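Trainee: Using only what follows, build the 3D model:
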Amino acid sequence: MLRRLHVDNFASLVNFDWKPERICLLLGANGAGKSSLPGVLRRIREVVVWETPVAQVFPSETRTAWQTLPHQVFELDVEGRGGLFRYRLQVRHGGLPKVRIDEESLSKDTRTLYRFDGREAHLYDNRGVEGAHFPVTDQRSYMSSLTERPETEELRWFRDEFLRKIWIGGLAPSAGGSAANEEHAALSHDGSNLPSWYRHLLQERPEKLGEVVEDLRPSIPGLKAFRTPVGDDGQRSLKLAFGAPDDGGAYELSYHQLSDGQRALTALYALIRASDAPMIMIDEPDNFLAVREIRPWLAAAEEWAFAGHQLIVATHNDHAVDHLASNQTLLLRRTNGPTRIEPLEVDLNAGQKASQAALEGPQ
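Mentor: Numbering: from 1, shown residues only. Purely as a prediction, here's the structure:
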């Protein structure tokens, strides 16, 4: 569970601290900095998990426009495995090479698990006892190269079970088609690979997709199952099987024949029923959905979070805001300067709704 994100010198985030709870609702006007929070988490994952060069992930234009500081600093506090992990990354701009990792470290409670000092990687075992140290490049994180060994179990949990598996995104239902020629183990940030992900789920977690079918029936009447058959052209595609209506026989539809709202719901329910994501950070899940469709999903997502996961939602939708406002609700504000974050104050005694308080802003 993400307990804290600290960012300095990234876009409008300057000495910025965010401490999300198990369910966190993020509100704010366009340009307030809401998109910067998932952007930072995605970029850190690129560095730590996918071994992407730091110059590609944090180019100089990602620094705060009105500052001249050479360093960007990022810290993550993550609760898991009976302790608190802290990851720290310091990126330096200027000189040669132009963008490089100045410092990188991971600890759990008081034990250091990994440290890069700008020249050498220092490896530690699960108890925090230092082992080998050797020169490595400052262009990529060496953490992404560490292989599966018993002495790196704690570090690999942070990298592979948390950072790799968190889902961060906003759905674009019209992206992609019905093709399912490959199996994808996770849903992409925009949901465009859903047919390939469903093909994987049909193999690995068919009972979970059965739960999704039950969730979807109010919005997709007659739905019986999902299938990924091979067509006459030799290509696989995602199909939805329907029971026979009163005036005809059983039939199938291709995934791309669904409405945008129905496609969004197939992703939303699968994320909380069938994915292995420990955290979902989603931007405007209410897009394309009617009120009677988003409310049941929000309720189901809250149950999912309280069962041991974390849900972070950014939205402008009044119905979603008022539904989730009993949880931690934070308002991001920005004028001509850095982003600030504060609890949303709602005057419940006066009958004020959270959506109204967000619209009116701080007094």
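Trainee: all contacts plus neighbour counts: C-alpha atoms, from now on.
Mentor: Will do.
Trainee: what's the spatially closest residue to Val321 that is not a sequence neighbour in contact with, if anything?
Mentor: Distance criterion C-alpha to C-alpha, 6 or more residues apart in numbering; nearest residue to Val321, sequence neighbours excluded, is Ser355 at 5.8 Å. Under the criterion of C-alpha atoms under 8 Å, 6 or more residues apart in numbering, the neighbours of Ser355 are 318-319, 321-322.
Trainee: Which positions in stretch 188-200 come out as buried?
Mentor: Neighbour-count burial for stretch 188-200, counted by 16 or more other C-alpha atoms under 10 Å, picks out 188, 190-200.
Trainee: List just the nearest of those residues to Glu75.
Mentor: Proximity of these to Glu75 (C-alpha to C-alpha) peaks at Ser188, which lies at 24.5 Å.
Trainee: what comes up buried for the one helix or strand in the chain whose mean pLDDT sits lowest?
Mentor: The least trusted helix or strand in the chain, going by mean pLDDT, DSSP states H and E, turns out to be helix 354-360, with a mean of 83. Using 16+ other C-alpha under 10 Å as the test for burial, helix 354-360 gives 354-355, 358.
Trainee: hang on, the earlier thing: got TSV for the contacts of Ser355, with neighbour count, secondary structure and pLDDT too?
Mentor: Formatted as TSV, those follow (neighbours: other C-alpha atoms under 10 Å; DSSP: H, G, I helix; E, B strand; the rest coil; pLDDT from 0 to 100):
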residue	neighbour count	secondary structure	pLDDT
Asp318	16	helix	93
His319	17	helix	93
Val321	22	helix	94
Asp322	13	helix	92
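Trainee: any idea which of those residues is closest to Asp215?
Mentor: His319 (19.8 Å).
Trainee: What does the pLDDT read for the closest residue to the closest one other than its chain neighbours?
Mentor: Distances taken as C-alpha to C-alpha, 6+ apart place Val291 nearest to His319, at 7.1 Å, with adjacent residues excluded. As summarised for this prediction, Val291 has a pLDDT of 92.
Trainee: What number of residues are in the vicinity of Val291?
Mentor: For Val291, the tally of surrounding residues (other C-alpha atoms under 10 Å) stands at 13.
Trainee: How about Phe10?
Mentor: Phe10 - counted by other C-alpha under 10 Å - has 26 other residues nearby.
Trainee: roughly how far apart are it and Val40?
Mentor: Per C-alpha to C-alpha, to the nearest Å, Phe10 is found 8 Å from Val40.
Trainee: now swap in Leu324 and tell me
Mentor: Separation of Leu324 from Val40 (C-alpha to C-alpha): 24 Å.
Trainee: what does Arg236 give?
Mentor: Arg236 sits 36 Å away from Val40, taking C-alpha to C-alpha as the criterion.
Trainee: now do Pro70
Mentor: Pro70 is 18 Å from Val40, where distance means C-alpha to C-alpha.
Trainee: How about Gln203?
Mentor: Computed as C-alpha to C-alpha, the Gln203 to Val40 distance reads 33 Å.
Trainee: quick one: buried residues of stretch 289-309?
Mentor: Applying 16+ other C-alpha under 10 Å to stretch 289-309 flags 289, 293-295, 297-298, 301-302, 304-305, 309 as buried.
Trainee: That stretch: how far from the chain's middle?
Mentor: Mean-position distance between stretch 289-309 and its chain equals 16 Å (C-alpha atoms, centre = their mean, to the nearest Å).
Trainee: Could you list the residues in contact with that stretch?
Mentor: Residues from elsewhere that reach stretch 289-309 (C-alpha under 8 Å, 6+ apart): 1, 22-23, 219, 261, 264, 268-269, 272, 278-279, 285-286, 311, 319-320, 323-324.
Trainee: ok, now stretch 116-128?
Mentor: Contacts of stretch 116-128 (C-alpha under 8 Å, 6+ apart): 101-105, 111-115, 130-138, 142, 151-155.
Trainee: can you give me phi and psi for Glu302?
Mentor: Here is the backbone geometry of Glu302 (degrees, to the nearest 10): phi -60, psi -40.
Trainee: From Leu289, how far out is it?
Mentor: Distance of Glu302 to Leu289, given as C-alpha to C-alpha: 18 Å.
Trainee: could you show me where the strands are in the stretch 201-350 of the chain, in order?
Mentor: Assigned strands in the stretch 201-350 of the chain, in chain order: 223-227, 239-242, 251-254, 279-283, 310-314, 328-333, 340-343 (criterion: DSSP state E, counting those that start in this stretch).
Trainee: what lines up beside the fourth one in the sheet?
Mentor: Strand 279-283 has its sheet partners listed here by DSSP bridges as strand 167-169 (parallel), strand 310-314 (parallel).
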